[in-house]
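>>> got a predicted structure plus its sequence, pasted below:
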Amino acid sequence: MRRVISTKSKWRGGRRSNAGQLLIGLEAFDDVTTDEGKKGERMKPDLRFGRFLAAFAMLTSGMLASRTVTDAFTAPSFTPSRPNILTPPSSIGRGDGRRSASDGRGIWRSISPSLSSSPSSSSSSSSSSSSLGLAMKSNSPPPYPVRVTVMGGGNFGLALATVVARKGVPTTLLVRSDDVASHINDNHRHPKYMTDICLPRTVRATTDGASALGDATYIIHAVPVQYTREYLATVREYIPPNVPILSASKGIETSSLGFMADILKECLGEDRSYAFLSGPSFAREICEGVATAVVIASEDIMLADDLADLMSGEDFAVFTSRDVIGVEVGGAVKNVIAIAAGMCEGLGLGTNAMSGLVTRGCGEMRRLGIYLGARPSTISGLSGVGDTFGTCFGPLSRNRKFGYRLGKGETPEEIRASMTEVAEGVDTSIALVKMIKHRCKGYRLDLKVRFFGQI
């Protein structure tokens, strides 16, 4: 029987460089199944790994032959799940519950058991089962008028505004200060955050919620979790009822012990469509055009697809998922792990102890996620382990820096007073323990193993 490998991940573009294409493209092989036996049955590990190596070899040989994956794998056999790049404005945020042609699982179509055919022969036949469908998203604007408003003018708000504006989409930054808005509009730079980064000219800033939100097609929420409820109370009246919200905030609210999905529904209503972005994505690297891959999760998969099409570009790849709780758990818990990792470094315990702690933290994240209803594959993907790696070991991580300074002997108050950006993991660590005690009955933290009695 012919075996077909299907992938859960969705390719949404990527930087046209060997490293970026290879590393991001291989995310599509994170979780594979076969069409043999029970539906959805996992492929045996040895077979799965063998196919992974075969695909890896195919990607590598294609790059060596043509220098880029784009040239090595054309996609004549690719058929979009919908005819238009984006859903028409009249149906935005109104997912009818029907699955797209790809079932929201991506545009990588199929690979036959034999991967010995050359890339050129694969691309020459649109019906060949050995062809690898690959859709590249350009920086071209969407096919119909779109306006995006980003709530929050911090680092990540600036980064996401840059991502959208690079597609030629008019983008508005809703900020609190008139001086900040004037400075951005006059100089195309933020006076406080990433002051050396020049923003696209299609980005404008304002403090007027009515003008910024009234005609928005999509709204991106980039306000820290602990300030979200207070902030939304001031702008709620200006947000049209049918406009979808994409949240880029990660954490658990200390007062309600809720994730962003809970907060948004309480503040803006449950009838609205929401999506949630997470993954290893430092704001500075996004603004500098470094290859980045993230995931957008939504109960309305069509909304997630639309947002992925809107934001994907040559250096920004967006995968989609229906697993909202899995994406939220990973985005919140990784900040707590990063603080602990920074403390390891600050205490001088070495890379071995730091790596061991991060590994144990990822295991705890997986256990908690499964308890709350997340899919294990989501926790092991971009929004979970992927984001944890970047936050724990990346030099730009605020939470890692916070932990490092704690390890060096500074107090939390001293560190917070000197930081210009919020380290979400501080409040999330407190809320996480409370949430487990009050909401996760029967769940027990696995703290049996210590590292040298110090961690």
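Structure received.
>>> hey, where'd the strands end up in the chain?
6-7, 32-33, 148-151, 171-174, 203-206, 218-221, 245-247, 274-278, 292-297, 316-321 (DSSP state E).
>>> how about the ones you listed in a markdown table, adding mean pLDDT, distance to residue 196 and mean neighbour count?
Where you see a C-beta, it was placed from the backbone N, CA and C, and this is true even at glycine. Below are the strands of the chain laid out as a markdown table (pLDDT from 0 to 100; distance: least, CB to CB, whole Å; neighbours: other CB atoms under 10 Å):
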| stretch | mean pLDDT | distance to residue 196 | mean neighbour count |
| --- | --- | --- | --- |
| strand 6-7 | 38 | 39 | 20 |
| strand 32-33 | 37 | 42 | 20 |
| strand 148-151 | 98 | 20 | 28 |
| strand 171-174 | 97 | 18 | 26 |
| strand 203-206 | 96 | 16 | 21 |
| strand 218-221 | 98 | 23 | 25 |
| strand 245-247 | 98 | 27 | 25 |
| strand 274-278 | 98 | 25 | 27 |
| strand 292-297 | 97 | 19 | 27 |
| strand 316-321 | 96 | 20 | 28 |
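>>> could those strands be laid out in TSV, adding distance to residue 429?
TSV is the format used below for the strands of the chain (distance: least, CB to CB, whole Å):
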stretch	distance to residue 429
strand 6-7	34
strand 32-33	35
strand 148-151	25
strand 171-174	29
strand 203-206	33
strand 218-221	22
strand 245-247	20
strand 274-278	18
strand 292-297	23
strand 316-321	25
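>>> looking at the ones you listed, spot the one closest to residue 396.
strand 292-297 (12.3 Å; CB to CB).
>>> what angle sits between the closest one and strand 274-278?
Counting by axes from the mean of the first three to the mean of the last three CA atoms, to 10 degrees, strand 292-297 lies at 150 degrees to strand 274-278.
>>> counting neighbours, what do you get for residue 327?
Other residues near residue 327 number 35, with proximity taken as other CB atoms under 10 Å.
>>> same deal with residue 191?
12.
>>> list the contacts for the residue nearest to it when sequence neighbours are not counted?
Using CB to CB, 6 or more residues apart in numbering and skipping residues adjacent in sequence, the residue nearest residue 191 is residue 183, 4.4 Å away. In this structure, residue 183 makes contact with 189-191, judged by CB atoms under 8 Å, 6 or more residues apart in numbering.
>>> can you rerun that using 10 Å?
175, 177, 189-192, 195, 205 (CB atoms under 10 Å, 6 or more residues apart in numbering).
>>> now residue 176
For residue 176, the contact set (CB under 10 Å, 6+ apart) comprises 152-153, 207, 231, 234.
>>> what would the contacts of residue 183 look like in a markdown table with distance to residue 273?
Listed next are the contacts of residue 183 as a markdown table, based on distance: CB to CB, whole Å:
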| residue | distance to residue 273 |
| --- | --- |
| 175 | 25 |
| 177 | 30 |
| 189 | 33 |
| 190 | 30 |
| 191 | 34 |
| 192 | 32 |
| 195 | 35 |
| 205 | 26 |
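>>> what about these, which one has the most neighbours?
With neighbours set by other CB under 10 Å, the maximum within the contacts of residue 183 is found at residue 205, which has 26 neighbours.
>>> my guess is that residue meets residue 152, correct?
No - at 11.4 Å, residue 205 does not count as touching residue 152 under the criterion of CB atoms under 10 Å.
>>> overlap in contacts of those two?
Common neighbours of residue 205 and residue 152, using CB under 10 Å, 6+ apart, are 158, 161, 173-175.
>>> let me see the domain layout of this structure.
Structurally, the chain divides into domains by automatic domain parsing as follows: 6-108, 148-325, 333-439.
>>> among those, show the one with the smallest mean pLDDT.
Between the domains of the chain, the lowest average pLDDT goes to domain 6-108, which shows a mean of 39.
>>> need phi/psi at residue 177.
phi -100, psi 130 (degrees, to the nearest 10).
>>> separation between the closest residue to it other than its chain neighbours and residue 175?
Nearest residue to residue 177, sequence neighbours excluded (CB to CB, 6+ apart): residue 207, at 6.9 Å. Distance, residue 207 to residue 175, by CB to CB, to the nearest Å: 6 Å.
>>> common neighbours of the two, please.
Common contact partners of residue 207 and residue 175 (CB under 10 Å, 6+ apart): 153, 181.
>>> re earlier: go ahead and confirm the residue nearest to residue 177 touches residue 178.
Yes - with contact defined as CB under 10 Å, residue 207 counts as touching residue 178 (5.5 Å).
>>> so for those two, which residue has more residues nearby?
residue 207 (17 against 12).
>>> tell me how far the more buried one lies from residue 184.
Separation of residue 207 from residue 184 (CB to CB): 11 Å.
>>> now swap in residue 272 and tell me
In terms of CB to CB, residue 272 sits 28 Å off from residue 184.
>>> residue 254 now?
Distance, residue 254 to residue 184, using CB to CB: 31 Å.
>>> higher neighbour count, these two?
Ranked by neighbour count (other CB under 10 Å), residue 254 and residue 184 place residue 184 first, with 22 against 18.
>>> quick one: residues contacting residue 260.
221, 225, 228, 245, 247-253, 274, 276, 278, 324, 327-328, 331-332.
>>> try it again at 7 Å.
Going by CB atoms under 7 Å, 6 or more residues apart in numbering, residue 260 touches 225, 247, 249, 276, 328.
>>> pick the one among the residues you listed closest to residue 405.
In terms of CB to CB, no member of the contacts of residue 260 lies closer to residue 405 than residue 225, at 21.6 Å.
>>> what sits closest to that closest one if chain neighbours are left out?
Distances taken as CB to CB, 6+ apart put residue 251 closest to residue 225, at 3.7 Å, once the chain neighbours are dropped.
>>> ditto for residue 340
residue 357 (5.7 Å).
>>> pretty sure that neighbour sits against residue 342.
No - if you go by CB atoms under 7 Å, residue 357 and residue 342 don't touch, sitting 10.5 Å apart.
>>> between those two, who's got more neighbours?
Legend: neighbour count by other CB under 10 Å for residue 357 and residue 342, higher for residue 342 (27 against 19).
>>> hmm, residue 403 and the more buried one touching each other?
Yes - judged on CB under 7 Å, residue 342 makes contact with residue 403 at a distance of 2.5 Å.
>>> what's the burial count for the closest residue to residue 200 other than its chain neighbours?
Spatial nearest neighbour of residue 200, excluding adjacent residues (CB to CB, 6+ apart): residue 165 at 3.8 Å. Using other CB under 10 Å, residue 165 has 21 other residues around it.
>>> ditto for residue 196
Using other CB under 10 Å, residue 196 has 9 neighbouring residues.
>>> can you tell me how far it is from residue 205?
According to CB to CB, residue 196 and residue 205 sit 18 Å apart.
>>> and residue 249, by the same measure?
Here residue 249 is placed at a distance of 19 Å from residue 205 (CB to CB).
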